[in-house]
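Colleague: got a sequence here, can you build the structure:
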Amino acid sequence: MPRILAIANRKGGVGKTTTTINVATAMAAAGKKVMVIDLDPQGNASTSMGINKKGAMKSSYEVLLGECRLTDAIVWTEIPGFSIIPSSADLAAAEIELVNISKREFALKNALSKEAVNYDYILIDCPPSLSLVTINALVAADAVIVPLQCEFLALEGISDLIRNINIIKKNFNPKLSLHGVVLTMYDKRNNLTQMVEDDVRSFFGKKVYDTVIPRNVKISEAPSHGKPVLLYDFKCSGSQAYIGLTKELLKRERELIAC
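Modeller: The predicted model follows:
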């Protein structure tokens with residue numbers, strides 16, 4: 001069975017999608033077979049991988065509602081070992097449609113368990129809200145990675161998210177854990193960045209990854225070219241940071257398995 005990691009934060013614009021596709025890219029480069037599930041109706045992960053969402057293809061919407069098999073929605077990227085289940089704008093309506101489904105919180109988990117997919121990791125790019133779609137991701141996941149923008153308001157959102165993770169762990173998914181918090185849009189010249197980092201590391205301790213993701217124009221430019229920043233500009237500081245983050249993440253995974 002693959003390890004399933006949800007990349008989540010109730011706040012938008014904190015780097016969830018960027019983290020998802022670049023960690024997946026780095027994992028694939030390290031020889032892992034990785035699938036990204038784009039669960040955000042905006043479909044930024046799909047766009048960032050150069051996928052034409054207007055094409056005639058199945059999406060995470062159909063998978064979530066049981067209208068197609070998981071394997072029928074897989075789209076392979078140009079990166080060996082890296083595939084994606086694209087998003088659809090229809091996901092915005094899934095919230096309403098799932099209400100009438102029995103055990104609606106388990107829809108994604110059930111879809112994933114129906115087929116023996118040969119992957120090492122499945123990364124789920126969650127929408128920026130605690131919707132029923134996000135709850136499905138957290139119920140299906142083994143652990144959660146939380147990208148946290150180095151701004152004051154981001155701290156308010158993360159406390160709510162951790163509380164929600166604990167509720168889901170108690171009621172639906174006992175194995176769910178916090179894999180780690182990654183500081184994004186990090187600017188060491190900014191005093192606020194240092195203040196946020198100090199607060200987060202003081203509260204979460206070793207759960208905060210040592211690697212931080214800097215503010216970097218190449219990270220912002222890459223999606224418009226339909227590429228992860230690791231392919232767009234491998235040598236830039238953003239690419240090197242995501243390589244470092246992935247190494248750290250995989251090291252934690254080995255330590256978890258050893259336990």
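Colleague: just the CA atoms of the top helix by length along the chain, as PDB, please.
Modeller: Assignment by DSSP state H gives helix 237-258 as the longest helix of the chain. Taking C-alpha atoms only, helix 237-258 is exported to PDB below (Å, rounded to 0.1, in the frame of the first residue of the first chain):
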ATOM      1  CA  SER A 237      17.000  28.600  -4.500                       C
ATOM      2  CA  GLY A 238      13.400  27.500  -4.600                       C
ATOM      3  CA  SER A 239      14.300  24.200  -6.400                       C
ATOM      4  CA  GLN A 240      17.200  23.500  -4.100                       C
ATOM      5  CA  ALA A 241      14.900  24.100  -1.100                       C
ATOM      6  CA  TYR A 242      12.300  21.600  -2.300                       C
ATOM      7  CA  ILE A 243      15.000  19.100  -2.900                       C
ATOM      8  CA  GLY A 244      16.200  19.600   0.700                       C
ATOM      9  CA  LEU A 245      12.600  19.400   2.000                       C
ATOM     10  CA  THR A 246      12.000  16.100   0.200                       C
ATOM     11  CA  LYS A 247      15.200  14.600   1.500                       C
ATOM     12  CA  GLU A 248      14.100  15.500   5.000                       C
ATOM     13  CA  LEU A 249      10.600  14.200   4.400                       C
ATOM     14  CA  LEU A 250      11.900  10.900   3.100                       C
ATOM     15  CA  LYS A 251      14.300  10.600   6.100                       C
ATOM     16  CA  ARG A 252      11.300  11.000   8.400                       C
ATOM     17  CA  GLU A 253       9.500   8.400   6.500                       C
ATOM     18  CA  ARG A 254      12.400   5.900   7.000                       C
ATOM     19  CA  GLU A 255      12.400   6.700  10.700                       C
ATOM     20  CA  LEU A 256       8.700   6.100  10.900                       C
ATOM     21  CA  ILE A 257       9.000   2.700   9.200                       C
ATOM     22  CA  ALA A 258      11.900   1.700  11.500                       C
END
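Colleague: for that helix, packing partners?
Modeller: helix 16-29, strand 177-184, helix 217-221, helix 229-232 (3 or more CB pairs under 8 Å, 6 or more residues apart in numbering; DSSP states H and E). The way it works is simple: take the backbone N, C-alpha and C, and place the C-beta from them, glycine included.
Colleague: for the last one, packing partners?
Modeller: The one in question is helix 229-232. helix 16-29, helix 217-221, helix 237-258.
Colleague: among those helices, which is the most enclosed?
Modeller: helix 16-29 (a mean of 26; mean count of other CB atoms under 10 Å).
Colleague: which residues in the chain form strands?
Modeller: 3-7, 34-38, 75-76, 82-85, 121-125, 143-149, 177-184 (DSSP state E).
Colleague: and E248, which of those is closest to it?
Modeller: Proximity to E248 (CB to CB) singles out strand 177-184 among the strands of the chain, at 8.2 Å.
Colleague: give me the residues contacting that closest one.
Modeller: 5, 14-15, 18-19, 142-150, 158, 162, 165, 169, 196-197, 200, 204, 207-209, 211-213, 245, 249, 252 (CB atoms under 8 Å, 6 or more residues apart in numbering).
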